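Asker: Have a look; sequence and predicted model below, questions after that.
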Amino acid sequence: MRTLILVACLSLAGCAHAPASDSSTAAPGLSAAAAQAIVDAPDRTEADRALDAGRHPAALLEFVGAGPGMKVAELMAGGGYTTELLARAVGPTGTVYGQNPKLVLEKFAEKPWSERLARPVNAKVVRSDREFEEPLPPEVTDLDAVVSNIIYHDTVWLNADRAKMNAAIFRALKPGGVYVVIDSSAKPGSGVSDAQTLHRIDEQTVKDEVLAAGFQLAGQSDVWRNPQDTRDWNSSPMAAGERRGTSDRFALKFVKPR
């Protein structure tokens, strides 16, 4: 199925334009220098480094506010590019939960995900093979952050109950914990209609759905923005061709009220 092949390429998605401003509220975590040091670590794989220019990983770590000793989770970790960055950020005293649904594991992620978890740097990563509606075990609570990196639109065509998913994330976070959603922008007013065909979602739709779960919008970043994007083409790496990595991306930070 073509859409399943496109899912397999999610870990290759990127955005090639230069970083812009960050309007998020201040959060504890790594300094810019510390975040960049993680990205520059000599033991990162060349395959991961090849994605960095489009992914802006140092900016991601700063935006999430991940830092030593924290407990964080990533939704639909795929092969684990972002999960490993988070693991490096929280260090040996922290914990990272990496969630993947059964379909994603069966179709493309099992091998790269297993190989990722075998790397010593990921020793504190906890594998969570669960569906989106209950992405984490019930005993996982008081998380500092949950990250959804370019995959919220996939929960649409994978027929996940997003209201249940967002409610589960709300329960798993501690008061003051953050839920970061980054995704490729669809045209305003399009809702979820482009989720499968163009691998995009309307930013306002994401805001509405997450706020409905009880979150508050704490900030946003335009690091991943590209105002030249016409938002009418498939942003999946396999389909994008020369435009791969140039989609406009919104970055939203929600917080669980204290």
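Answerer: That came through fine.
Asker: Mind listing what's buried along stretch 183-201?
Answerer: 183-186, 190, 192-196, 198-201 (16 or more other Cβ atoms under 10 Å). Bear in mind the C-beta positions are built from the backbone N, C-alpha and C, glycine included.
Asker: tell me the mean pLDDT over stretch 191-201?
Answerer: The average pLDDT for stretch 191-201 rounds to 97.
Asker: Phi, psi for residue 244 please.
Answerer: For residue 244, the backbone dihedrals (degrees, to the nearest 10) come out as phi -50, psi 130.
Asker: From residue 235, how far out is it?
Answerer: 8 Å (Cβ to Cβ, to the nearest Å).
Asker: So for the two, which residue has more residues nearby?
Answerer: residue 235 (28 against 20; other Cβ atoms under 10 Å).
Asker: what about stretch 222-230, average pLDDT?
Answerer: 95.
Asker: From the centroid of this protein, which residue is nearest?
Answerer: residue 149 (1.6 Å; Cα atoms, centre = their mean).
Asker: check contacts around it.
Answerer: Applying Cβ atoms under 8 Å, 6 or more residues apart in numbering to residue 149 gives the contacts 60, 74, 82, 180, 182.
Asker: tell me the SS of the last one?
Answerer: The reference is to residue 182. strand (DSSP: H, G, I helix; E, B strand; the rest coil).
Asker: Who does it form a beta bridge with?
Answerer: Residue 182 has these beta-bridge partners by DSSP bridges: residue 149, residue 251.
Asker: now the second one
Answerer: Per DSSP bridges, residues listed as beta-bridge partners of residue 74: residue 98, residue 147.
Asker: Wait, it touches residue 81, no?
Answerer: No: with contact defined as Cβ atoms under 8 Å, residue 74 and residue 81 do not form a contacting pair (9.7 Å).
Asker: Please say which of those two ends up with more neighbours.
Answerer: Counted by other Cβ under 10 Å, residue 74 and residue 81 do not tie: residue 74 has more neighbours, with 30 against 24.
Asker: So for residue 195, what's the nearest residue that isn't a sequence neighbour?
Answerer: residue 156 (3.7 Å; Cβ to Cβ, 6 or more residues apart in numbering).
Asker: Give me the pLDDT value at the residue nearest to the centre of the chain.
Answerer: The model reports residue 149 with a pLDDT of 97.
Asker: Distance from the helix or strand containing residue 179 to the middle of the chain?
Answerer: Here residue 179 sits within strand 173-184, counting by DSSP states H and E. For strand 173-184, the gap between its own C-alpha mean and the chain's C-alpha mean amounts to 10 Å (Cα atoms, centre = their mean, to the nearest Å).
Asker: now swap in stretch 98-112 and tell me
Answerer: How far stretch 98-112 lies from its chain's middle: 15 Å, per Cα atoms, centre = their mean.
Asker: Now do the end-to-end distance for that stretch.
Answerer: Stretch 98-112 stretches 13 Å from its first residue to its last (Cα to Cα, to the nearest Å).
Asker: what's in contact with it?
Answerer: With Cβ under 8 Å, 6+ apart as the test, stretch 98-112 has contacts from 4, 7-8, 11, 73-80, 83, 113, 117, 125-132, 135-136, 158, 160.
Asker: cutoff 7 Å now
Answerer: 4, 7-8, 73-80, 83, 113, 125, 127-132, 135-136, 158 (Cβ atoms under 7 Å, 6 or more residues apart in numbering).
Asker: For ChimeraX, what selects the buried ones among those?
Answerer: Buried members of these, defined by 16+ other Cβ under 10 Å, are picked up in ChimeraX with:
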select :7,8,73,74,75,76,77,78,79,80,83,113,125,127,128,130,131,132,135,136,158
